[in-house]
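Asks: Give me the fold of what follows.
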Amino acid sequence: MDTGKCSRCKDNEATVLSRRELFCQDCFIRFICGKQRKHMGSDRYKVKFSDDVKREKVILPMSYGKSSLVLLDILISMFEEQTKNPRAKIGFEVDVVHINDSKVISYQNEVGSVLRKLKNHYALEKYPITFTDVGIESILNTGDVSSLTLHKDFTSTSTRGSSSVTMDDIFEGCPNRASKKDILDVIVKQLIERYAVAKGATSILWAHSMTSLADEVIALTVKGRGSEIFKQLTDGVVPFGESEIDVVHPLRDCSLGEIEKFVQMKGLEEFLLVPSDSPERMMNKQKTINEVVENYFKTVDSSDDNIVSTVVKTGAKLGEPRNFDGKVCSICNGKIYNDPMNWLKNITHHSNLPPETEVEKESLREWLDMNTQTGITDQESASTNEIDLCYGCAVTVGGFKQGKIEWPVRRDAKHEVEAILSEFIIDEE
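Replies: Next comes the predicted model:
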C-alpha cells in the first residue's frame, strides 16, 4: 500500500497508519510519548534544579509484557532528556517491581535472562532505576493464614489455617483457569500496593493500555466486580491504609495496536516474558474471561478505536457507590457496598428439577464431575468466625473444593507496614 508522506513532519515516508493518520517512525514514537507525558505532567515528574533535590519514589509494576516494556522505554527516554542540561537533576526515581509468578504460570524464558538483556540494552547505571523481584509466595506473609469457607446458606466463615500452606495448595483448589486468573490478579494487585506503601512510594504507574482498561471494564462486570471499575480506571490520589499514593495510567490513551507498533519499532520483542500456554490455541470455554474479552477487543481495535475508547470513557465516568457500610472483603480487601449474600439468599431456589434437554444433561454431568467431594459446604460445628466476601470472591471461592480456600487474612492496618518490610521475600538488583 502506498502510504505517502508523514502527515506530521511532511518529510519522511509514512510507515504507520494510526487513527486515520499517517506517521513516520520518529513522529509515531513522539506521538505515543506525548500521550504518556500528558498523564505525567505533575511537578513530581519534572526536572529539578535545586541542590537538595529529594526525588519522588515511583513504582512501575513490570510484567515484562508489551505495555510495561513500552512504559519503561518511555521513562528512560524521559531521563535522557532530563540529563541533557548539566545543571538539571532528575526529579524522580523508578522502582521496577516484578511479581514473580513463575511458580504458578509456566514461561518459555526466565525473568533473570530477560532482565540481563534489558540492562545490556539500556545504559541504566546513569539513571535512578532499580529492579525488584517479589516472589508471589510473599502474599502468605502479609496476613494470618486462615481457612475461608462459603457455606450453602451463603454465610462465610474463617477458621485457623495451617502455617505450612503453600501457593501450590491455594492454586490446586482452583477448578479452572478463570478462577486461577482471578485469584492471581488479586494477589498481584495486593502485593504491588503493599510494597508501594512499605517503600514509602508516592506514585504507582500502571502500564495498562486503553485496550487493557476496556478489557478490565467488561471482565470486572462479568466477574461480579463491577463496583471496582471506578477504582481500576481512575487516576488520582488513592488511600492505602494510613498512606496516600498517586495512581496513574500513563498509557491509557494508547490502544494495544499502537503499543504493539511501538514495540516493533523499538525492537523490544526480545525483552518479552512469554507464557508457555498460548490462549490462541485454546477453545473459548478453556479461556479466562479476560482472554475472551481481550480477543474481542483485539478484533475491534484494528478496525475501530472508538469502540475501545468509548468503553474506557464510560467506565471512567462511574463514581464510587455511596452505600458503603464499612464491610470489606476478606480476600480482595475491596469495599462491599451491597451485601451480595442477602441478594443470593433471596433469589436462590434450593430444591432442584431434573434436566430435560441434552444440553442440560451434559451440563449436569460436567458439574458432577467437578463437584464430586467439592463445592459449597454446610456450616461446620467447629469454632468459626464470620467474615465478609464480595460477590466476585464468593463466586470464585464457591468453585473451590468444598467451597474453601486457604488465605492470608489482612492484619490490623497499624501493623501492616512493619509486617511487609520484615516479611516480604524480595530480591533487589
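Asks: The closest residue to I336 other than its chain neighbours: neighbouring residues, count only.
Replies: Once flanking residues are discounted, I336 sits nearest to K327: 4.1 Å by CB to CB, 6 or more residues apart in numbering. From N, CA and C alone the C-beta is placed, and that goes for glycine too. K327: 16 surrounding residues under other CB atoms under 10 Å.
Asks: cool, and the one 10 residues further on?
Replies: The number of residues packed near Y337 is 15, by other CB under 10 Å.
Asks: looking at it, it is touching G326, isn't it?
Replies: No. With contacts defined as CB atoms under 8 Å, Y337 does not count as touching G326, sitting 10.7 Å away.
Asks: Toward the C-terminus, what is the element adjacent to the host helix or strand of I245?
Replies: Taking DSSP states H and E as the definition, one finds I245 inside strand 243-248. Sequence order places helix 256-266 as the next helix or strand after strand 243-248, per DSSP H and E.
Asks: Next, the residues that contact the helix or strand following that next one from outside, please.
Replies: Past helix 256-266, further along toward the C-terminus, the next helix or strand under DSSP H and E is helix 289-303. The contact list for helix 289-303 (CB atoms under 8 Å, 6 or more residues apart in numbering) reads 178, 181, 211-212, 214-216, 218-219, 222-223, 255-257, 279, 282, 284, 287, 307-308.
Asks: Just say helix, strand or coil for N346.
Replies: Taken by DSSP: H, G, I helix; E, B strand; the rest coil, the conformation at N346 corresponds to helix.
Asks: Can you check the pLDDT for it?
Replies: N346 carries a pLDDT value of 76.
Asks: which residues sit in contact with the residue lying closest to Q82 once chain neighbours are set aside?
Replies: Among residues not flanking Q82 along the chain, V47 sits closest, at 4.3 Å (CB to CB, 6+ apart). Taking CB under 8 Å, 6+ apart as the contact definition, V47 lies against 82, 85, 88-91.
Asks: repeat that for 6 Å
Replies: Shown in contact with V47 (CB atoms under 6 Å, 6 or more residues apart in numbering): 82, 88, 91.
Asks: Of the residues you listed - the most surrounded one?
Replies: G91 (23 neighbours).
Asks: I'd like the next helix or strand past the longest helix anywhere in the chain.
Replies: Taking DSSP state H as the assignment, the helix of the chain that covers the most residues is helix 177-198. Of the helices and strands lying after helix 177-198 in sequence (DSSP H and E), the nearest is strand 203-205.
Asks: which secondary structure elements does whichever helix or strand comes after that following strand contact?
Replies: Sequence order places helix 210-222 as the next helix or strand after strand 203-205, per DSSP H and E. Applying 3 or more CB pairs under 6 Å, 6 or more residues apart in numbering; DSSP states H and E, one finds that helix 210-222 contacts helix 229-233, helix 289-303, helix 305-316.
Asks: averaging pLDDT over each of the ones you listed, which comes out lowest?
Replies: When these are compared on average pLDDT, helix 289-303 comes out lowest at a mean of 79.
Asks: Go through it and flag the buried ones.
Replies: For helix 289-303, a neighbour-count test (16 or more other CB atoms under 10 Å) marks 289-294, 297-298, 300-301 as buried.
Asks: can I get these in a markdown table with distance to L353?
Replies: Converted to a markdown table, those look like this (distance: CB to CB, whole Å):
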| residue | distance to L353 |
| --- | --- |
| I289 | 28 |
| N290 | 33 |
| E291 | 33 |
| V292 | 30 |
| V293 | 32 |
| E294 | 36 |
| F297 | 38 |
| K298 | 40 |
| V300 | 39 |
| D301 | 43 |
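Asks: closest to E269 among these?
Replies: Out of these, the one with the shortest distance to E269 is K298. That distance is 17.5 Å, counting by CB to CB.
Asks: dump the residue contacts of V237.
Replies: V237 is in contact with 244, 246, counting by CB under 6 Å, 6+ apart.
Asks: Could you list the buried residues of the host helix or strand of it?
Replies: When secondary structure is defined using DSSP H and E, the element that contains V237 is strand 236-240. Neighbour-count burial for strand 236-240, with 16+ other CB under 10 Å as criterion, is recorded at F240.
Asks: can you check stretch 110-123 too?
Replies: Neighbour-count burial for stretch 110-123 flags 111, 114-115, 118, 122 (criterion: 16+ other CB under 10 Å).
Asks: pLDDT averaged over the helix or strand that contains L17, what's the number?
Replies: L17 belongs to strand 16-18 when elements are defined using DSSP H and E. Summarised as a single mean, pLDDT over strand 16-18 is 90.
Asks: Run me through the strand neighbours of it, direction for each.
Replies: Strand 16-18 has the following strand partners under DSSP bridges: strand 21-23 (antiparallel).
Asks: Appreciated, that's everything.
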